[in-house]
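J.: need a structure here:
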Amino acid sequence: MKTTLLITGVAGFIGSKIAKKALEKGFEVIGIDDLSSGKKEQIPTGLEFYAYDLSDKSLVNQLPAKVDYILHLAGQSSGEISFDNPISDLKKNTHSTINLIQFGIKNKVKKILYASSMSVYGEVKDIPISEKQEALPLSCYGVGKRASEQYLSIFGDQLPYIIYRMFNVYGPGQDLTNMRQGMVSIFLSQALQSNTILVKGSLDRFRDFIYIDDVVDCWLKGVELNELKNLTVNLGTGERTELGDLVRVISRHFDQPSITVEGSTPGDQFGIYADTSLLKESFQIEQLTSLKEGMKNFANWAKSQ
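T.: Numbers count the residues shown, from 1 in each chain. Presented below is the predicted three-dimensional model:
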């Protein structure tokens, strides 16, 4: 019997990549996406697909009961957009998670893997941030993610979980048309389209950028390593990269775009990067993709589109 994965957000950047790799590894995949932001053409062939809004419990109850693992990546994934409609953000990010927890308990799912975010930490000191850091989110998005984490924790004795606090994921396949989500993809798209990069806030701000292939590998290891359960883990590289350095790395692949710095993004952190000690120990990771190599792959892909 093949192991069955229920992957939500399967039409999105990360969900579609995880589904494709899971199929290659021989898993059965059931994919869910309401297609509000994901693209149907990104859904890999060979899976069973449902265009469902997971905040609607009646639809969740119609899903196939034979599921071994839930990989929950669906949701509204922009801190900036979350301020536009906090109720919608709550439904997409928290109500959907509660519905899936109840589905998982009812159908004796072995484990749920959840896409949380570095946004739960809020403003932090300029040091590697560990999972023990108090979570004080600054955005509606971060609040919803933190609430979902706590619901998972409450029901962890009935449905084991892994919570991935994902840092800035980037790479081929990222949406170059969405200018309100994905720092790397926004900058790269601007360089490609207008040879100008607009940075909101200071170039001294800093982040932790992790390449998509490394993210996919960690998610599937969470399925394959049975001993990992009731775990909250940072999914980043542990590398501190200032936006000025990020822009320089991107610029190498274009005709030296001009840089403009102005404005800010509501609810955004000034700087954050991960303490990855727990990640490397738990998931047996020896090496992650460098920003230089990852950006080369991303830029080459973007130019070919």
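J.: what's the span of stretch 7-19, first residue to last?
T.: For stretch 7-19, the separation between the terminal residues is 7 Å (Cα to Cα, to the nearest Å).
J.: neighbouring contacts of it?
T.: Identification of contacts with stretch 7-19 by Cβ atoms under 8 Å, 6 or more residues apart in numbering yields 5, 22, 29-33, 35, 37-40, 42-44, 47, 49, 54, 70-75, 77, 96, 100, 115, 169, 173-175, 182, 212-213, 215-216, 219-220. C-betas here are computed from N, CA, C, even on glycine.
J.: which of the residues in the helix or strand containing Lys280 are buried?
T.: Under the criterion of DSSP states H and E, Lys280 resides in helix 277-282. Buried residues in helix 277-282, counted by 16 or more other Cβ atoms under 10 Å: Leu278, Leu279, Ser282.
J.: okay if I get these as CSV plus distance to Phe270 and pLDDT?
T.: What follows is the buried residues of helix 277-282, written out as CSV (distance: Cβ to Cβ, whole Å; pLDDT from 0 to 100):
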residue, distance to Phe270, pLDDT
Leu278, 24, 98
Leu279, 23, 98
Ser282, 29, 97
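J.: and of these, the nearest to Lys200?
T.: Distance to Lys200 across the buried residues of helix 277-282 (Cβ to Cβ) is lowest for Leu279, with 28.5 Å.
J.: the closest one contacts Thr237, correct?
T.: No. Applying Cβ atoms under 8 Å, one finds Leu279 not in contact with Thr237, separated by 9.3 Å.
J.: whatever helix or strand comes next after the helix holding Lys280 packs against which elements?
T.: Towards the C-terminus, the helix or strand next in line after helix 277-282, according to DSSP H and E, is helix 291-304. Helix 291-304 sits against strand 168-170, helix 183-194, strand 209-211, helix 243-251, with contacts defined as 3 or more Cβ pairs under 8 Å, 6 or more residues apart in numbering; DSSP states H and E.
J.: now those as JSON lines including mean neighbour count and mean pLDDT?
T.: JSON lines is the format used below for those (neighbours: other Cβ atoms under 10 Å; pLDDT from 0 to 100):
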{"stretch": "strand 168-170", "mean neighbour count": "23", "mean pLDDT": "97"}
{"stretch": "helix 183-194", "mean neighbour count": "19", "mean pLDDT": "94"}
{"stretch": "strand 209-211", "mean neighbour count": "25", "mean pLDDT": "98"}
{"stretch": "helix 243-251", "mean neighbour count": "18", "mean pLDDT": "96"}
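J.: could I get the ones you listed as TSV with distance to Leu152?
T.: Below are the helices and strands packed on helix 291-304 laid out as TSV (distance: least, Cβ to Cβ, whole Å):
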stretch	distance to Leu152
strand 168-170	20
helix 183-194	27
strand 209-211	22
helix 243-251	32
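J.: what's the burial count for Met166?
T.: Close neighbours of Met166, defined as other Cβ atoms under 10 Å, add up to 25.
J.: outline the domain layout of the protein.
T.: Following automatic domain parsing, one finds the domains of the chain at 4-168+210-235, 171-208+239-269+289-304.
J.: ranking those by burial, who's on top?
T.: Mean neighbour counts were taken over the domains of the chain using mean count of other Cβ atoms under 10 Å, and the top value, a mean of 20, falls to domain 4-168+210-235.
J.: next, the distance between the ends of that domain.
T.: In domain 4-168+210-235, first residue to last residue: 24 Å (Cα to Cα).
J.: ok, now stretch 258-275?
T.: Criterion Cα to Cα; first-to-last residue distance in stretch 258-275 is 33 Å.
J.: cool, stretch 55-66 as well?
T.: Across its full length, stretch 55-66 reaches 20 Å end to end, with Cα to Cα as the criterion.
J.: got the CA positions of stretch 170-190 in CSV?
T.: Written as CSV, here are the backbone C-alpha positions of stretch 170-190 (Å, rounded to 0.1, in the frame of the first residue of the first chain):
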residue,chain,number,x,y,z
TYR,A,170,12.7,31.7,-3.1
GLY,A,171,13.5,30.0,-6.3
PRO,A,172,12.3,28.9,-9.8
GLY,A,173,8.5,28.7,-10.0
GLN,A,174,7.9,31.7,-7.7
ASP,A,175,5.2,34.0,-8.9
LEU,A,176,6.9,37.0,-10.7
THR,A,177,3.6,38.8,-11.1
ASN,A,178,2.7,39.1,-7.5
MET,A,179,4.3,42.3,-6.3
ARG,A,180,3.0,42.1,-2.7
GLN,A,181,4.5,38.7,-1.7
GLY,A,182,8.0,37.2,-1.8
MET,A,183,10.8,39.7,-1.3
VAL,A,184,13.3,38.0,-3.7
SER,A,185,10.7,37.4,-6.4
ILE,A,186,9.6,41.0,-6.2
PHE,A,187,13.1,42.4,-6.6
LEU,A,188,14.0,40.0,-9.3
SER,A,189,10.8,40.7,-11.2
GLN,A,190,11.5,44.5,-11.0
